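Undergrad: Let me see the structure of the following:
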Amino acid sequence: MKHLRSPALSLLLVLSIGACGNAEDPAAAEPAQLAQSILSHVPSDTPYILANLQPMPEDVIDANFERMEPVTTEMQAQLSSLKSGLASGGPSVTGDEFSDRLLLALLEEFDGKLNREGLESLGWDLQSTNVVYGIGAFPVARMGLSDAATLRATILRVLENAEVNATEHEFKGLSYWRIASPDTDEVPLALYVSILGDHLAAGMFPLTAETQYLPTFLGLEKPANNNAAEFLAGLNRKHGFTPFGTAFLDLHRLADEFLDPGATTARAMMSFENYDMSDFSEQCVSETHAMIDKVPTMVFGITEMEVEAMAYRFLAAMPTALATQLGGLVPALPAAQAASDRIAELSFGLKVGAARDFLRQQAQAIVDQPFQCEHYRELNEQAAQGLVQLDQPLPPFVNNFRGIRLSLEDIVMTPDQQIPTDVKGHLAVHVDQPEMFVGMAQMFLPDLSELSLAPGEPPVRIPESLVSVQGIVAYAAMSDEAIGMSVGEGEESGLPGFLDQPAGPEGVFFSVDYDNEAYYEYQLKGLKASRASMEGDTSIMDLSEAAIRAAQAAGDRNHMTMKFTAEGLLIENRMTYK
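TA: Numbering: from 1, shown residues only. All right, here's what the predicted structure looks like:
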């Protein structure tokens, strides 16, 4: 990793001062045309892509800067301190002089400009079209710009101030920078940067394959097959994404870049001293693909981007048979209520007995047909060991467990945030035949024998001898599918309704809804406890506190669900703002 540090820092430099914008009219270029132009460089066989077809809305950008003002203020203070230390010859920050000089020059550029106006004056276009993709597995970033001269001047100024001798090279009439660590023996990678009219390009490639990659990187050769704009638009339509950010990852194709000797990446990496494919047989390739193809692709997209809310959706695609099997492990449980008035609600469901059977089936399949690839022999051993363990009988409660739910009204923690001193809320444990488990519990805990629990009956107070926190009032109740408990004075009145909530959407195995202000308040208290025992530099702690306070001031509620559909694992998240 030490050999990648300097190029990586350089890449951070390029991405930070980013695509140059025109402050007078940031929307001068038609977004669709700019996106089409930049995306025309993306080959259709790229294993991954992240891009926006339209820029972030103007009002959302301004709202985000306003929300993050406490963070940028703290960052400015730390930036000034870091710059002062580096300039006076203080301790190294990055570990080598080259990177320290580059970092100091970058800090000089950002000094006093950690706001929208300042960033735009450096050439940062906050409404640009951007894309990250792979030429093979090697990353390329292209960022839209509208004033190449300003961007070039900014980069040259940073490099000059850093005393970096980054000679500007030329290839068939186009100029570029090559920035590499002084020591590239083990990992011969370099960062390549070029300003190409309407956009900036940055990529990382092997030095030994420079002439192979430059024509494509510099746009002298466009890919024969290109459908990136249409492909992303199709993903947006299919999954309900907005045009403000979409990502796609093809794990099968990415694996091929390393497993296929004729692939672009594999050919380039043959020059790496430690890269040897000779001991990876065709059987290994086949079995690797068989494992990857259980989750061959992933897609992510922003489904909502407004001043008041932002939401995203993530899908890990699976074969229908596997997704259906996993969906069968999910019981029909009530989900956390969206926009609840409680501090937090959580629901998790899993048919433990069925999950054990599923895992046993997977282990048995490996035992019956072991991996032939020598690199996967350990998996064969683990499957055999796992099968023995999975054949052990489960206790009745565990075998019949179906889920757990929590609805929290309030919680007060000790100063060190270790244990609660007061709690108000509801808890439900979902099992098959709850009456049987109450009867078993009463056999082992005599104090429970006085409780007369029956489905649909009013809550019954739990003896204080069974409550671990003194002074907390607790009640128990039962439904046909769950055993419930309320904690806190008056909470028992809502317990029957909590137990009788209808089941949530099919396939949802995890859901949570929580109040951001309360959540971050707990984080601040935990941070305070950590700070009390901390010695030395507290700059990271100061920045963390500023970020938490900004999030606390801005955030309203957060709601997330995870579920299995016929397509695979689907995660959806929505955050609202005050």
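
Undergrad: CA only for contacts and neighbour counts going forward, please
TA: Will do.

Undergrad: Give me the local confidence score for Val367.
TA: At Val367, the model reports a pLDDT of 95.

Undergrad: Pretty sure it sits in a helix.
TA: Yes: counting by DSSP: H, G, I helix; E, B strand; the rest coil, Val367 is found in a helix.

Undergrad: from what I can see it touches Gly386, true?
TA: No: taking contacts as C-alpha atoms under 8 Å, Val367 lies outside contact range of Gly386: 10.2 Å.

Undergrad: Ala338 against Asp513, yeah?
TA: Yes: using C-alpha under 8 Å, Ala338 makes contact with Asp513 at a distance of 6.1 Å.

Undergrad: shared neighbours, these two?
TA: Here Ala338 and Asp513 share the contacting residues His559, scored by C-alpha atoms under 8 Å, 6 or more residues apart in numbering.

Undergrad: the more surrounded of these two?
TA: Per other C-alpha atoms under 10 Å, whichever of Ala338 and Asp513 has more neighbours is Asp513, with 27 against 17.

Undergrad: which residues touch the more buried one?
TA: Applying C-alpha under 8 Å, 6+ apart, the residues near Asp513 are Ala336, Gln337, Ala338, Ala339, Ser340, Ala344, Glu345, Leu346, Arg557, Asn558, His559, Met560.

Undergrad: Okay, and which of these map to helices?
TA: When DSSP state H is applied, those are split such that none fall in helices.

Undergrad: and these as TSV, adding distance to Leu53 and pLDDT?
TA: Conversion of the contacts of Asp513 to TSV gives the following (distance: C-alpha to C-alpha, whole Å; pLDDT from 0 to 100):
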residue	distance to Leu53	pLDDT
Ala336	33	95
Gln337	33	91
Ala338	30	89
Ala339	30	81
Ser340	34	84
Ala344	36	94
Glu345	36	96
Leu346	35	96
Arg557	28	94
Asn558	26	94
His559	26	96
Met560	26	97
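
Undergrad: Which of those are buried? Put it as a PyMOL command.
TA: A single PyMOL command selects the buried members of these (16 or more other C-alpha atoms under 10 Å):
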select buried, resi 336+337+338+339+340+344+345+346+557+558+559+560
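
Undergrad: what's the most distant pair in the contacts of Asp513?
TA: Leu346 and Arg557 (13.4 Å; C-alpha to C-alpha).

Undergrad: Can you list the buried residues in the longest helix anywhere in the chain?
TA: Looking across the chain with DSSP H, the single longest helix is helix 69-87. For helix 69-87, a neighbour-count test (16+ other C-alpha under 10 Å) marks 69-76, 78-80, 82-83, 86 as buried.

Undergrad: And it, what does it pack against?
TA: helix 97-110, helix 539-554 (3 or more C-alpha pairs under 8 Å, 6 or more residues apart in numbering; DSSP states H and E).

Undergrad: Which among those helices is found nearest to Gly301?
TA: Closest among the helices and strands packed on helix 69-87, using C-alpha to C-alpha: helix 539-554, at 22.1 Å.

Undergrad: by how many degrees do the closest one and helix 69-87 diverge?
TA: Calculated by axes from the mean of the first three to the mean of the last three C-alpha atoms, to 10 degrees, helix 539-554 forms an angle of 160 degrees with helix 69-87.

Undergrad: Quick one: residues in contact with helix 539-554.
TA: By C-alpha under 8 Å, 6+ apart, helix 539-554 touches 67-71, 74-75, 78, 516-518, 520-521, 523-524, 527, 531, 577-578.

Undergrad: any idea where the strands of the stretch 301-450 of the chain begin and end?
TA: In the stretch 301-450 of the chain, the strands defined using DSSP state E, counting those that start in this stretch lie at 309-317, 344-349, 401-413, 420-431.

Undergrad: Please disregard the earlier target; I meant the stretch 51-200 of the chain.
TA: 130-135, 138-144, 168-171, 174-179, 189-196, 199-206.

Undergrad: Need those in CSV (columns: distance to Ser493).
TA: What follows is the strands of the stretch 51-200 of the chain, written out as CSV (distance: least, C-alpha to C-alpha, whole Å):
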stretch, distance to Ser493
strand 130-135, 54
strand 138-144, 57
strand 168-171, 74
strand 174-179, 67
strand 189-196, 64
strand 199-206, 61
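
Undergrad: doesn't Leu350 make contact with Leu329?
TA: Yes: the criterion here is C-alpha under 8 Å, and Leu329 meets it with Leu350 at 5.9 Å.

Undergrad: Residue ranges in the stretch 401-550 of the chain under the pLDDT threshold?
TA: 413-421, 442-450, 465-471, 534-540, 543 (pLDDT under 70).

Undergrad: Now with 50, please.
TA: The model of the stretch 401-550 of the chain has no residue with pLDDT under 50.

Undergrad: neighbours of the residue lying closest to Ala323 once chain neighbours are set aside, just the number please.
TA: In space, and not counting its chain neighbours, Ala323 is closest to Gly568: 5.1 Å by C-alpha to C-alpha, 6 or more residues apart in numbering. Using other C-alpha under 10 Å, the number of residues around Gly568 comes to 24.

Undergrad: Spit out the contact partners of Gly568.
TA: Leu315, Ala316, Ala317, Met318, Pro319, Thr320, Ala323 are the contacts of Gly568 under C-alpha under 8 Å, 6+ apart.

Undergrad: Now the phi/psi pair for it, please.
TA: Main-chain dihedrals, Gly568, degrees, to the nearest 10: phi 150, psi -150.

Undergrad: out of the strands of the stretch 301-450 of the chain, deepest packed?
TA: strand 344-349 (a mean of 24; mean count of other C-alpha atoms under 10 Å).

Undergrad: how far off strand 420-431 does it point, in degrees?
TA: Going by the same axes, to 10 degrees, strand 344-349 makes 30 degrees with strand 420-431.

Undergrad: Return strand 344-349 as CSV; C-alpha atoms alone will do.
TA: Taking Å, rounded to 0.1, in the frame of the first residue of the first chain, the C-alpha atoms of strand 344-349 are listed here in CSV:
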residue,chain,number,x,y,z
ALA,A,344,-37.0,4.3,17.2
GLU,A,345,-38.8,1.2,15.8
LEU,A,346,-37.1,-2.0,14.7
SER,A,347,-38.3,-5.3,13.3
PHE,A,348,-36.2,-8.3,12.4
GLY,A,349,-37.7,-11.6,11.3
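
Undergrad: Touching that strand from outside, list them.
TA: 330-337, 402-409, 508-515.
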